[in-house]
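A.B. asks: Build the 3D model from these lines:
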Amino acid sequence: MSTSPRPTSPKSPAAPGRVASPTTTAASTAAAPDDPSLELAAYVDQLIRQLQSKFDDMSSQIVGKIDTMSNRLDDLEKSISDLMESTGGGGAPGGPTSDKN
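C.D. replies: Have a look, this model is predicted:
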């Protein structure tokens, strides 16, 4: 019994709305809106956009709070300096004229 090689059948066209080959193009992805991999990609894109937006909001809030804290510290240093001048205390150890950081 001799077996002959099977004839290769031509690729059948993809079902409507499906891509025939594993490589996709922009046109073929638009034709397959129910493709689970496309739905996943869209979901991940949306999730990344949401996370980026939240990250940007939090970054802005943190920078704002740091600026507020810096202003309050500047005001506190000025108040302490004014208080020291009014009492005639001069420079205190660890003050702005000290070598300590």
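A.B. asks: any chance you could map the helices in this protein?
C.D. replies: Secondary structure of the chain (DSSP state H): helices at 26-30, 36-87.
A.B. asks: Lowest average pLDDT across those helices?
C.D. replies: Note on the helices of the chain: lowest mean pLDDT is at helix 26-30, with a mean of 50.
A.B. asks: if we can go back for a sec, let me have the helices of the chain in JSON lines, adding mean neighbour count as columns.
C.D. replies: In short, each C-beta sits where N, CA and C put it, glycine included. Shown next, in JSON lines, are these (neighbours: other CB atoms under 10 Å):
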{"stretch": "helix 26-30", "mean neighbour count": "11"}
{"stretch": "helix 36-87", "mean neighbour count": "10"}
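A.B. asks: Okay, residue 65 and residue 51: tell me how far apart.
C.D. replies: As defined by CB to CB, to the nearest Å, residue 65 lies at a distance of 21 Å from residue 51.
A.B. asks: now residue 43
C.D. replies: The value you get for residue 43 to residue 51, if CB to CB is used, is 13 Å.
A.B. asks: swap in residue 63?
C.D. replies: From residue 63 to residue 51 the distance is 18 Å (CB to CB).
A.B. asks: what does residue 37 give?
C.D. replies: As judged by CB to CB, residue 37 and residue 51 stand 21 Å apart.
A.B. asks: Residue 75 too?
C.D. replies: 36 Å.
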